[in-house]
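1. structural data only, the sequence is not supplied:
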């Protein structure tokens, strides 16, 4: 979760906007932005993707075998 947290926080700061502004622009509640930036583990994937779409990214499920390089 720390990679996601760091990514979102860094990109938001690069845009020069507050958490409140970012929440409004991405269409999620301020608490969602705060949870992501704090590295909380209990997050709604659709809300995370809604936030990440602001940067042209999304996350999804990855098959363990594929992630480990097995075929």
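-> That came through fine. Nothing here was measured: the structure is a model prediction, and the numbers come from that model.
2. biggest helix in the chain, by residue count?
-> As assigned by DSSP state H, the longest helix anywhere in the chain is helix 2-15.
3. just checking, what packs against that one?
-> helix 19-26, helix 30-37, helix 45-52 (3 or more CB pairs under 8 Å, 6 or more residues apart in numbering; DSSP states H and E). All C-beta spots, glycine's among them, are computed from the backbone N, C-alpha and C.
4. what lies in contact with stretch 47-56?
-> For stretch 47-56, contacts defined as CB atoms under 8 Å, 6 or more residues apart in numbering pick out 4, 7-8, 11, 22, 25-28, 32-33, 36, 58-59.
5. buried members of those residues into PyMOL, please.
-> This is the PyMOL syntax for the buried subset of these, where burial follows 16 or more other CB atoms under 10 Å:
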select buried, resi 4+8+22+26+28+32+33+36
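6. pick the most buried one from the helices and strands packed on helix 2-15.
-> Greatest average neighbour count among those goes to helix 30-37 (a mean of 18), per mean count of other CB atoms under 10 Å.
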